[in-house]
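In: Let's see this in three dimensions:
(2 chains)
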Amino acid sequence: MLPVIKVTNLSKHFKDIVAVDNLSFTVNPGDVYGFLGQNGAGKSTTIRMLLSLVKPTEGRIEIFEMDLFTHQKEILRQAGAVIEKPDVYKYLTALENIQLFSKISGGAKLTRSQLLDQLAVVGLQDRASSKVKTFSQGMKQRLGIAIALVHDPKLIILDEPTNGLDPQGIADVRNLILRLSKELGKTVVVSSHLLSEIQLIANRLLIINKGKKLVEGNASELFDPAETLVELETLDNEKAIQQLQQSPWSSHLQPARQNTIVLKMDKADIPTFHLELVQMQIPVLSFQPRHSLEDYFLQLTTSNEHVAAIAN
Amino acid sequence: MWQLLQIELFKIFKRPRTYISFAAIAALVGIIQFGLKLDGNMYIEFMLRDLSASFSIEGNILNGYLVCYIILQLLLVHVPLLITLIAADLISGEANMGTLRLLLTKPVSRTEIILAKFLAASIYTIMLLMFMAILALFVSMAIFGTDDMLNLKSGYVVQLKSSDIFWRYVCAFGFAALAMLTVASLGFFLSIFAENSIGPIVATMSIIVVFTILSTLDIPIFNKIKPYLFTTQMIGWKGFFDVKVNAENEAIVGSIQNVGRVLQAAGILVLHIVGLLVASIVVFKKKDVLS
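Out: Below is the predicted model:
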């Protein structure tokens, strides 16, 4: 199976700042490829390079087995994208916007009713004649997605598509991505800084930090149930650790973290462990199962968030 | 390319700000025509005060041709501002709105985008000048009638036969279009560097003001660079109203006093336009779109 996207040793420097550092990854046909990283990790710069908005300092990008910089038009004809905020022409209506972009997207010429059908896919058919300046952020986001899909592209690149959306909007985008992949066989690259969001849709994922690749792989492997962490807070952690060390769970114990006891186990073992805690009469204040990847990602992202929280 | 041009024109003419320029021209031309209609004779008497002692001047002096000339002299200095409002917004405005990145993710080359936008700005500029020509020339001809035109110079006056004027205006407006396209090219070029419209608009106007001052300053050190400043050449349209005279000191119909000078001025403007357009393409092709 030949990859849809093959990125090799990609780097981007902005003067002294290294935004992307020797990044390599592949996206296969039909993948929903999650692209994860904290804010400023280099996701948007990478996505912009995939769309030839930003020129790489080094490295190679092949999409549909063609070099991006020598076959830009052929590639972009088969790709649709929403980058960060889906800004469109606010002084035009939704229909005028989608009509305008459909003309230069390289797809078949669409009639007015076909364009309205495209707006219906994202639930904007009733607002087709409204100027975009009257739209909410979520409606603009949906219009951006409709514009990205108007020429029926094989590859869809969505940069933080759920930013600024309410929970219903997030769920709608998530369902749309799953439908695009499962029903229509599209390849979707979706970036986010929220692992929980990507976890629900991606079959493969890549985590980057400071422009470098940290983890890449199949979601099923990365979210291996055997790698589940349980965070436990008890009335007396010292005593609870002593009890656990004398139990069959001692091999599962991980280094303690602040006020919590951490154990790594298979997800299937959690009910048994829970019961045994009761049998050992350990008074539990909180019990938090979390996947080790989630934990790893959280560590990565919280360090900066703490700084931001303190600053605020 | 044609599709892109259509889209660019559609976007320009869908924005209310586009029509501000047309409204401003209509208002200014109307005000001048209104003023001259009411009090034009006083204005003409003042203009001819030195000549009327030596000559007897008869006929419809304040005719449509002269009114158009007065309007052009007054307005062609200010039209660049109106042109800049659109041209300097074409790239920076899209960067500011965030639509530039969406546009660039479509299968169109950056060169095509620049050419389409530049052509759209040129069409807008030419339409604005045509609108001005209709109001300043044709409406003035309808209001004030036609006759020979007196072109007052310092120390002498040129009398142009009424049958020898219209083509001169066609050429003058053509030349003015070149001058305004130079301004549009400059504003367009500067808009590539900015992510809001204000910067390139102010920068373009500042350059025009500085160059105009340099063009008019009579200091020897600046005289060498003056011919290369587009602001020096922008008033070259007046060359079409300077005629050759025969032995009887009468204007030779169909003549232009210094054709070479007018062509040179037009050539310098064309070089500016081409240079700025090529520079725009080169810079835009290398630009990282981060907006």
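In: In stretch A:281-294, which of the residues would be classed as buried?
Out: Within stretch A:281-294, the residues that qualify as buried by neighbour count (16 or more other C-beta atoms under 10 Å in any protein chain shown) are A:Ile282, A:Pro289, A:His291, A:Ser292, A:Leu293, A:Glu294. In short, each C-beta sits where N, CA and C put it, glycine included.
In: ok, and what's touching the helix or strand containing B:Leu5?
Out: For B:Leu5, the host element (DSSP states H and E) is helix B:2-14. Helix B:2-14 is contacted from outside by A:89, A:91-92, A:96, A:100, A:103-104, B:18, B:86, B:90, B:108, B:112-113, B:116-117, B:119-121, B:123-124, using C-beta atoms under 8 Å, 6 or more residues apart in numbering or on different chains.
In: Mark which of the buried residues of stretch A:281-294 are part of strands, please.
Out: A:Pro289, A:His291 (DSSP state E).
In: which residues touch the residue of the stretch 201-312 of chain A found nearest chain B?
Out: At 15.1 Å from chain B, A:Gly211 is the closest residue in the stretch 201-312 of chain A, using C-beta to the nearest C-beta. Neighbour list for A:Gly211: A:Ser11, A:Lys12, A:Val18, A:Ala19, A:Val20, A:Asp21, A:Leu23, A:Ala41, A:Gly42, A:Thr45 [criterion: C-beta under 8 Å, 6+ apart].
In: same thing but at 10 Å, please
Out: The contact partners of A:Gly211, by C-beta atoms under 10 Å, 6 or more residues apart in numbering or on different chains, come to A:10-13, A:17-23, A:37, A:40-43, A:45-46.
In: Quick check: which of the residues you listed are also close to chain B?
Out: When contact is defined as C-beta under 10 Å from any C-beta of the partner chain, the contacts of A:Gly211 meet chain B at A:Lys12, A:Ala19, A:Thr45.
In: Report whether the second one is found in a strand, as I expect.
Out: So the one you mean is A:Ala19. Yes: the assignment for A:Ala19 by DSSP: H, G, I helix; E, B strand; the rest coil puts it in a strand.
In: and the gap between it and A:Pro56?
Out: For A:Ala19, the distance to A:Pro56 equals 10 Å [C-beta to C-beta, to the nearest Å].
In: what do you get for the first one?
Out: Between A:Lys12 and A:Pro56 the distance, using C-beta to C-beta, works out to 6 Å.
In: go on, the last one?
Out: Using C-beta to C-beta, one gets 9 Å for the distance from A:Thr45 to A:Pro56.
In: Need the overlap of contacts for those two.
Out: When contacts are counted by C-beta under 10 Å, 6+ apart, A:Thr45 and A:Pro56 have A:Leu10, A:Lys12, A:Val20, A:Leu23, B:Asp288 as shared neighbours.
In: Which of the residues you listed fall within strands?
Out: Mapping those onto strands (DSSP E) picks out A:Leu10, A:Lys12, A:Val20, A:Leu23.
In: check contacts around the first one.
Out: Going back to what we said before, that points to A:Leu10. Contacts of A:Leu10 by C-beta under 10 Å, 6+ apart are A:20-25, A:42, A:45-46, A:49-50, A:56-61, A:211, A:213.
In: what pairs with it across the strands?
Out: Beta-bridge pairing for A:Leu10 (DSSP bridges): A:Leu23.
In: What helix or strand is the residue in chain A that chain B sits nearest to located in?
Out: Closest approach between chain A and chain B, counting by C-beta to the nearest C-beta: A:Asp87, at 2.8 Å. Following DSSP H and E, there is no helix or strand that holds A:Asp87.
In: So what's the residue count around it?
Out: By other C-beta atoms under 10 Å in any protein chain shown, the residues close to A:Asp87 number 20.
In: returning to what we had before: can you check the shared contacts of A:Thr45 and A:Pro56 and name whichever has the most neighbours?
Out: Most neighbours among the shared contacts of A:Thr45 and A:Pro56, by other C-beta under 10 Å: A:Val20, with 28 neighbours.
In: you'd agree that residue is up against A:Lys12?
Out: Yes: contact criterion C-beta atoms under 10 Å: A:Val20 and A:Lys12 qualify, at 4.3 Å.
In: Quick check: neighbours shared by these two?
Out: Taking C-beta under 10 Å, 6+ apart as the criterion, A:Val20 and A:Lys12 both touch A:Gly42, A:Thr45, A:Thr46, A:Arg48, A:Met49, A:Val54, A:Pro56, A:Thr57, A:Glu58, A:Gly59, A:Gly211.
In: Take those residues and lay them out in a markdown table including pLDDT and secondary structure.
Out: Putting the shared contacts of A:Val20 and A:Lys12 into a markdown table (pLDDT from 0 to 100; DSSP: H, G, I helix; E, B strand; the rest coil) gives the following:
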| residue | pLDDT | secondary structure |
| --- | --- | --- |
| A:Gly42 | 86 | coil |
| A:Thr45 | 90 | helix |
| A:Thr46 | 91 | helix |
| A:Arg48 | 91 | helix |
| A:Met49 | 93 | helix |
| A:Val54 | 91 | coil |
| A:Pro56 | 92 | coil |
| A:Thr57 | 92 | coil |
| A:Glu58 | 92 | strand |
| A:Gly59 | 92 | strand |
| A:Gly211 | 86 | coil |
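In: Dump the C-alpha coordinates for stretch B:258-265 into PDB.
Out: What follows is stretch B:258-265, C-alpha atoms only, in PDB (Å, rounded to 0.1, in the frame of the first residue of the first chain):
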ATOM      1  CA  ASN B 258       7.600  67.100 -27.700                       C
ATOM      2  CA  VAL B 259       6.400  63.600 -28.600                       C
ATOM      3  CA  GLY B 260       9.800  62.100 -27.400                       C
ATOM      4  CA  ARG B 261       9.300  63.500 -24.000                       C
ATOM      5  CA  VAL B 262       5.800  62.200 -23.600                       C
ATOM      6  CA  LEU B 263       6.900  58.700 -24.900                       C
ATOM      7  CA  GLN B 264       9.900  58.800 -22.500                       C
ATOM      8  CA  ALA B 265       7.600  59.600 -19.600                       C
END
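In: what does it contact?
Out: Contacts for stretch B:258-265 (C-beta under 10 Å, 6+ apart): B:171-172, B:175, B:178-179, B:227, B:230, B:232-240, B:242, B:244, B:256.
In: Go again with 8 Å.
Out: By C-beta under 8 Å, 6+ apart, stretch B:258-265 touches B:Phe175, B:Gln233, B:Gly236, B:Gly239, B:Phe240, B:Asp242, B:Ile256.
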